[in-house]
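Peer 1: Fold the following.
(one chain, ligands or ions: 1)
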Amino acid sequence: MTKLAYLHEPGVLENLRSRYDINAIYTYTGNLLIAVNPFRKLPHLYDSHMMAQYKGAAFGELSPHPFAVADASYRQMMNEGISQSILVSGESGAGKTESTKLLMWYLAYMGGRAAAEGRTVEQQVLESNPVLEAFGNAKTVRNNNSSCFGKFVEIQYDQSGRISGAAIRTYLLERSCVCQVSDPERNYHCFYMLCAAPPKDIQRYKLGNPRTFHYLNQSNCYELDGVDDSKEYIATRRVMDIVGISNDEQDAIFRVVAAILHLGNIEFKKGKGIDSSVPKDEISWLHLKTAAELLKCTTSLIWTGTS
Ligand SMILES: Nc1ncnc2c1ncn2[C@@H]1O[C@H](COP(=O)(O)OP(=O)(O)OP(=O)(O)O)[C@@H](O)[C@H]1O
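Peer 2: Take a look at the predicted model:
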């Protein structure tokens with residue numbers, strides 16, 4: 001970009017477009033990387049052969065790529081011994097989540113251990129994404145898998161450059177989206193996954209058709225193209241195992257998710273006292289009791305865990 005004769009907005013946009021037309025979705029502006037979302041799979045750009053190519057290559061020597069950014073930060077960390085940060089920003093649907101995953105893949109590849117040494121930390125780092133997406137992503141008008149939260153991912157390395165640990169901090173989860181969804185958006189993925197769980201779990205969490213829950217039936221969108229919620233539920237459970245969430249904790253988490261759906265179905269009417277209200281009818285009472293049962297179990301679990 002910096003080599004353009006005229007560095008103004010039309011020139012920048014034209015440059016991005018002409019590169020995009022030849023599938024060159026990445027462009028450098030100095031050492032900043034601009035990514036234009038291709039909205040289609042370009043697997044040849046991200047295979048292990050590509051990772052090997054970028055390993056140790058000087059920044060700017062190869063085509064612009066997130067692997068090059070990750071490689072430069074890894075090498076700077078190793079050479080100077082100080083922590084590095086990569087900031088990924090852009091509007092909704094721009095490709096931040098996908099770009100972050102590519103950066104994490106590369107950083108895990110660089111700091112990975114030999115297979116014989118066990119790969120749990122990197123595996124946990126990479127596998128944390130599906131768990132975060134299950135509970136923090138939803139379909140919006142602009143993006144079928146929109147992250148409704150911010151995250152700070154920290155990957156820690158030892159002196160020799162191997163991954164020694166990781167931490168993910170999430171913030172700003174849009175809680176208001178739980179109660180209000182407008183067509184054609186969808187609520188957080190976890191609700192639909194849980195409604196599509198195997199029968200024994202449906203029974204355990206006292207759920208059923210998503211169309212019967214107020215927090216889900218405000219919109220007519222229940223399914224996503226190419227996504228099978230029942231498979232996603234099984235996959236999320238498996239990944240929760242991998243990242244070290246115990247069965248009891250998983251159960252507590254899904255009890256809360258189910259209780260939220262039941263709480264959403266409680267309607268109120270005016271009570272006898274001033275400013276008081278009571279559940280409107282038998283059905284509302286039933287949902288209140290169910291939510292209480294689900295949450296009571298969760299609470300007692302937390303108590304046993306901390307005593
Ligand atoms: N590099 C890429 N290659 C192929 N598809 C991509 C790429 N980047 C993004 N996409 C597609 O665009 C969709 C939206 O991207 P992504 O979820 O990363 O956006 P985002 O910036 O994180 O959005 P939000 O702020 O809403 O969470 C993805 O689900 C994917 O289908």
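Peer 1: Tell me how many other residues crowd V125.
Peer 2: By the measure other CB atoms under 10 Å, the count of residues near V125 is 25. Using the backbone N, CA and C atoms, a C-beta is placed for each residue, glycine as well.
Peer 1: Please identify the helix or strand for it.
Peer 2: helix 120-136 (DSSP states H and E).
Peer 1: packing partners for that helix?
Peer 2: On a contact count with 3 or more CB pairs under 8 Å, 6 or more residues apart in numbering; DSSP states H and E, helix 120-136 meets helix 96-110, strand 146-147, strand 150-157, strand 163-171, helix 189-195, helix 229-242.
Peer 1: which of the ones you listed sits most buried?
Peer 2: The highest mean neighbour count among those, using mean count of other CB atoms under 10 Å, belongs to helix 189-195: a mean of 24.
Peer 1: contacts for that one?
Peer 2: Residues outside helix 189-195 that contact it (CB atoms under 8 Å, 6 or more residues apart in numbering) are 133-135, 137-138, 145, 186, 201-202, 205, 207-210, 213, 215-216, 222-223, 229-230, 232-233, 236, 254, 257-258, 260-261.
Peer 1: just the buried members of those residues?
Peer 2: Neighbour-count burial (16 or more other CB atoms under 10 Å) applied to the contacts of helix 189-195 gives 133-135, 137-138, 186, 201-202, 205, 207, 210, 213, 215-216, 222, 229, 232-233, 236, 254, 257-258, 260-261.
Peer 1: Check whether V125 really touches I163, as I assumed.
Peer 2: Yes: here V125 reaches I163: they are 6.9 Å apart, a contact under CB atoms under 8 Å.
Peer 1: any common contacting residues for these two?
Peer 2: A108, I155.
Peer 1: Number of residues surrounding Q250?
Peer 2: For Q250, the count of nearby residues is 14 (other CB under 10 Å).
Peer 1: which residue packs closest to it, ignoring adjacent ones?
Peer 2: Spatially, and ignoring its direct neighbours in sequence, Q250 is nearest to M240 (5.2 Å; CB to CB, 6 or more residues apart in numbering).
Peer 1: mind checking which helix or strand L216 is in?
Peer 2: L216 belongs to helix 214-217 when assigned by DSSP H and E.
Peer 1: quick one: contacts for the residue sitting nearest the centre point of the chain?
Peer 2: In the chain, the C-alpha nearest the mean C-alpha coordinate belongs to E133, at 2.7 Å (CA atoms, centre = their mean). Neighbouring residues of E133 by CB under 8 Å, 6+ apart: T97, N145, S147, H189.
Peer 1: same deal with A235?
Peer 2: A235 makes contact with P130 under the criterion CB under 8 Å, 6+ apart.
Peer 1: any weak-confidence spans in the stretch 101-250 of the chain?
Peer 2: Residues of the stretch 101-250 of the chain meeting the criterion pLDDT under 70: 113-119.
Peer 1: A108 and the ligand: what is the separation?
Peer 2: 18 Å (CB to the nearest ligand atom, to the nearest Å).
Peer 1: and the helix holding V125, which residues are buried?
Peer 2: Neighbour-count burial for helix 120-136 flags 121-122, 124-136 (criterion: 16+ other CB under 10 Å).
Peer 1: and which of these is nearest M1?
Peer 2: N129 (29.9 Å; CB to CB).
Peer 1: From the ligand, how far off is the closest residue to the closest one other than its chain neighbours?
Peer 2: Excluding the flanking residues, the one nearest N129 by CB to CB, 6+ apart is K101, at 6.0 Å. As defined by CB to the nearest ligand atom, K101 lies at a distance of 8 Å from the ligand.
Peer 1: same deal with S160?
Peer 2: Relative to the ligand, S160 is positioned 31 Å away (CB to the nearest ligand atom).
Peer 1: now swap in E249 and tell me
Peer 2: Using CB to the nearest ligand atom, we find E249 at a distance of 26 Å from the ligand.
Peer 1: okay, now that residue: neighbour count?
Peer 2: For E249, the tally of surrounding residues (other CB under 10 Å) stands at 14.
Peer 1: So which residues of this protein form strands?
Peer 2: 26-29, 32-35, 137-138, 146-147, 150-157, 163-171, 268-270, 277-279 (DSSP state E).
Peer 1: Can you add distance to M1 and give those strands back as JSON lines?
Peer 2: Shown next, in JSON lines, are those (distance: least, CB to CB, whole Å):
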{"stretch": "strand 26-29", "distance to M1": "4"}
{"stretch": "strand 32-35", "distance to M1": "7"}
{"stretch": "strand 137-138", "distance to M1": "31"}
{"stretch": "strand 146-147", "distance to M1": "27"}
{"stretch": "strand 150-157", "distance to M1": "27"}
{"stretch": "strand 163-171", "distance to M1": "32"}
{"stretch": "strand 268-270", "distance to M1": "58"}
{"stretch": "strand 277-279", "distance to M1": "60"}
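Peer 1: among those, which is nearest the ligand?
Peer 2: Closest to the ligand of those, according to CB to the nearest ligand atom: strand 146-147, at 3.3 Å.
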